[in-house]
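Q: sequence and predicted structure below; questions after.
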Amino acid sequence: MKKIDYHKELNCAQLTAVESIDGPHLVIAGAGSGKTRVLVHRVAYLVEKGVRPEQILLLTFTRRASEEMLRRAALLLDERCKHVSGGTFHSFANMILRKYAGLLGISNNFTILDQADAEDAVNFVRTKLGYHKSEKRFPRKHAILEVISKSVNKSSQLSDVLYDEYPQFMEFTEEIKKIRDEYNKYKRQKSLLDYDDLLVFLKNLLSQHEDVRQLLSAKYKYIMVDEYQDTNKLQAHIACLLAADHANIMVVGDDAQSIYSFRGANFKNIIDFPKIFKGTQIITLEENYRSTQPILNLTNAVIAQAKEKFEKSLYTKKKEGNIPVFIDCSDENSQSSFVADKILELREEGVGLNDIAVLFRSGWHSNDLEITLASRNIPFVKYGGQKFVEAAHIKDILSYLRIAYNAQDQVSWLRALLLIPGIGPKTGQKIIELLAQKGNAAGDALLKKNDTLMKLFGLLKEVDIQGDEPAKIIERFLGFYQPLLKIKYDDFNKRLNDLDSLLRIAQRYKSVEQFLVDMALEPPERSIVEAGKKDRDDFPLTLSTIHSAKGLEWHTVFLIYVAEGHLPSYLSLETEDEIEEERRLLYVAATRAKVNLFLLKPHIDRSPRSFMDSGGSVFTQVSRFLGQGGLLDKFADVRSAGGLEELDDVGLEDIIGEGKRKNKEFFETLEEYFRDE
């Protein structure tokens, strides 16, 4: 029988975690410290020690994660490891409820609603209650379900979720509560459960039926939970109830990487675990296998300032390496240009594009960069947030500009018309046909029928497409579009920053034609497929929000918009808890880098969403997380990057003169070399 040499394969802290069997254990696994390795080896160790695989429960956040861990454990030891009970909280809940649902008054053969089905059910209830006929703008099914779901996952009052994330719908609080109650009643009558119900009903089963809880606790004698810092209150409660009798539970995670509160993850779960299970043994994994020590020096200093944390200091055997570089850029475009230039430079040095990432706090932060990358033919894929030019609200504004530039653009006409209340596809098509036949005369006849349409025609007549700069035209269209944006999109607040970015990008152009050409460049995905066939180096660069980058790593990482109001986000400045999560976001981003880390801050002369504001703050200060304690001076190479400087006449003459001299020498050499041909 195969024997594993754990002492050889694990460092001291990892070995301690693997060999710690009985009682409660909290493993604080620093970034890049081999967390998965510990879980895999611990599964093998338990099985090797004679624990039956069926008595081990491994809870993870994705099915793929549990399957991969158990596969690796089986390769490490033997096939017995594949019989370990592994899966997500939701899949485990489904399995248990299939057996015991009757105790909760629901059928064992319940149907699980996916996201789309749940939205349709909410819409059915919304319509049945007559709220679709509301005189005021009533939230749509997606927004309603999101509010209900967040209320469950955060264990928060529905009114609190509305206040924090959908203040525009606060006036409908009672109506949304009514929809929630009727939605729950509808599901119960039809034996339907959505994803949130799986957790709610499992928690209720364990807390209300002592005999079932004891039975399950006896069956699963050893419980492990991965990424414990990402659990919500329901999940943590379930794990603790399952382990209540024997306390043989090991939770693994990193408090410094708790960044998903918007999904309901509760930072306090990992912080308070030792308070729930008295005598918890805390094991800290501090040896990092990813980054160089100079990068870790900065990340350690960033997280050391956290208000509440488990003490740890990451170290590595990779003592040498480039220190992080901080670049203070004169504006957004300078930031984008620096990143693009450096990426091309690294590529020439042999670093593949797929081993480079640009990370950012919010999806809209990459808007300017996406345009720059496209203009340089640098292929990229984006994770977290939609590609800028593909966003519906960006397409809306561009449709106005395209119509002003080319009145025959029927596709843009239809998009613009469908934004107007009272105009559907059939009416829109009739208007387009009428315009094609009679031009402005048709437009004048239509004006009497719709005030918003009248405003649009009036605006189009006023625009000087040849004389006005793109930014000036867009600014006028934004004023017209603002009320339509609120009508069309429940989450219009989240789209404002994209529109502000569009305005700033347009300010770099003098010509509407050139602006539209650049905004309509060939989508990067097409060139990615072709490049992948031709050249390994042309696999795409990664653009990603920090949230989507967690758990990943790259040779080189660029972190952009490291400025107050951006990281930390201006939306997270109200409470200390939110600011502390922003600090952890910076920590997560910086610990993705293996060799190179670049931190960039552009000078922003407009606040986020400023086109909607009167005035607006100026966000030019470096992020407080780097500014505190002089971290940049201690741990980073600080540089500046500006726009292209104008050459004075004397400098230009010198350069041209030098070029002529070099050319003369070159042609004399060329003539001499080929003289005898």
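A: Nice, I can see it.

Q: let me know whether Ala641 touches Asp331 as I believe.
A: No: using CB atoms under 8 Å, Ala641 is not in contact with Asp331; the gap is 9.8 Å. The way it works is simple: take the backbone N, C-alpha and C, and place the C-beta from them, glycine included.

Q: residue contacts, Lys594?
A: 290-292, 553-556 (CB atoms under 8 Å, 6 or more residues apart in numbering).

Q: using TSV, lay out these together with pLDDT and distance to Ile465.
A: Shown next, in TSV, are the contacts of Lys594 (pLDDT from 0 to 100; distance: CB to CB, whole Å):
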residue	pLDDT	distance to Ile465
Arg290	96	52
Ser291	97	51
Thr292	97	53
Glu553	95	48
Trp554	97	43
His555	97	46
Thr556	98	42
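
Q: for PyMOL, what selects the buried ones among the residues you listed?
A: The buried residues among those can be selected in PyMOL (16 or more other CB atoms under 10 Å) with this line:
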select buried, resi 290+291+292+553+554+556
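
Q: could the contacts of Lys594 go into CSV alongside distance to Ala357 and secondary structure?
A: Shown next, in CSV, are the contacts of Lys594 (distance: CB to CB, whole Å; DSSP: H, G, I helix; E, B strand; the rest coil):
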residue, distance to Ala357, secondary structure
Arg290, 13, coil
Ser291, 14, coil
Thr292, 16, coil
Glu553, 9, coil
Trp554, 4, strand
His555, 9, strand
Thr556, 8, strand
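
Q: out of the contacts of Lys594, who's nearest Met95?
A: Using CB to CB, Glu553 comes nearest to Met95 of the contacts of Lys594, at 33.4 Å.

Q: what does the helix or strand harbouring Lys150 rub up against?
A: Using DSSP states H and E, Lys150 sits within helix 141-153. By CB under 8 Å, 6+ apart, the residues outside helix 141-153 that reach it are 115, 118-120, 122-123, 126, 139, 156-158, 160-162, 165-166, 169, 176, 179-180, 183, 194-196, 199-200, 232, 234, 263-264, 490-491.

Q: you'd agree Leu77 is up against Val51?
A: No: using CB under 8 Å, Leu77 is not in contact with Val51, being 12.0 Å away.

Q: these two: who's more crowded?
A: For Leu77 versus Val51, neighbours defined as other CB atoms under 10 Å are more numerous around Leu77 (21 against 18).

Q: let me see the confidence value for Thr299.
A: Listed pLDDT for Thr299 reads 96.

Q: before we move on, what SS does it have?
A: helix (DSSP: H, G, I helix; E, B strand; the rest coil).

Q: ok but Ala218 is inside a helix, no?
A: Yes: remark: Ala218 belongs to a helix, assigned using three-state DSSP.

Q: contact partners for it?
A: Asp245 are the contacts of Ala218 under CB under 8 Å, 6+ apart.

Q: separation between it and Glu308?
A: Per CB to CB, to the nearest Å, Ala218 is found 36 Å from Glu308.

Q: just Tyr509 next, same as before
A: Counting by CB to CB, the gap from Tyr509 to Glu308 is 48 Å.

Q: more neighbours: which of the two?
A: Shown here are Tyr509 and Glu308; by other CB under 10 Å, Tyr509 has more neighbours (17 against 11).

Q: what does the more buried one show for phi and psi?
A: For Tyr509, the backbone dihedrals (degrees, to the nearest 10) come out as phi -110, psi 150.

Q: so it makes contact with Glu469?
A: Yes: the pair Tyr509 / Glu469 is scored as a contact, 7.0 Å apart, by CB under 8 Å.

Q: PyMOL command to pick out the buried ones of the contacts of helix 141-153?
A: In PyMOL syntax, the buried subset of these is picked out as below (16+ other CB under 10 Å):
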select buried, resi 118+119+122+123+126+139+158+161+162+165+166+169+176+179+180+183+194+195+196+199+200+232+234+264+490
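
Q: adjacent strands (with direction) for whichever strand in the chain runs longest?
A: As assigned by DSSP state E, the longest strand anywhere in the chain is strand 593-602. Within its sheet, strand 593-602 is paired with strand 325-329 (parallel), strand 554-559 (parallel), according to DSSP bridges.

Q: and it, C-alpha only, in CSV?
A: C-alpha atoms of strand 593-602 as CSV (Å, rounded to 0.1, in the frame of the first residue of the first chain):
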residue,chain,number,x,y,z
ALA,A,593,2.0,39.3,-8.8
LYS,A,594,4.9,36.8,-9.0
VAL,A,595,7.7,38.9,-10.4
ASN,A,596,6.6,42.4,-11.4
LEU,A,597,4.1,44.7,-9.7
PHE,A,598,3.1,48.1,-11.1
LEU,A,599,0.8,50.4,-9.2
LEU,A,600,-0.6,53.4,-11.2
LYS,A,601,-2.5,56.5,-10.2
PRO,A,602,-3.8,58.9,-12.8
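
Q: how far out from the middle of the chain is it?
A: Its chain's average C-alpha position is 18 Å from that of strand 593-602, according to CA atoms, centre = their mean, to the nearest Å.

Q: likewise for stretch 369-387?
A: With CA atoms, centre = their mean, you get 15 Å for stretch 369-387.

Q: next: stretch 425-432.
A: For stretch 425-432, the distance to the chain centre is 38 Å (CA atoms, centre = their mean).

Q: rounded mean pLDDT for that stretch, please.
A: Stretch 425-432 comes out at a mean pLDDT of 80.

Q: tell me the buried residues in it?
A: Those would be 427-428, 431-432, for stretch 425-432 by 16+ other CB under 10 Å.

Q: just give the closest residue to Leu76, not the sequence neighbours.
A: Nearest residue to Leu76, sequence neighbours excluded (CB to CB, 6 or more residues apart in numbering): Ala44, at 4.8 Å.

Q: ok, that neighbour - contacts?
A: Ala44 touches 4, 73, 76-77, 81, counting by CB under 8 Å, 6+ apart.

Q: before we move on, what about Asp226?
A: 35, 39, 58-61, 65, 69, 252-253.
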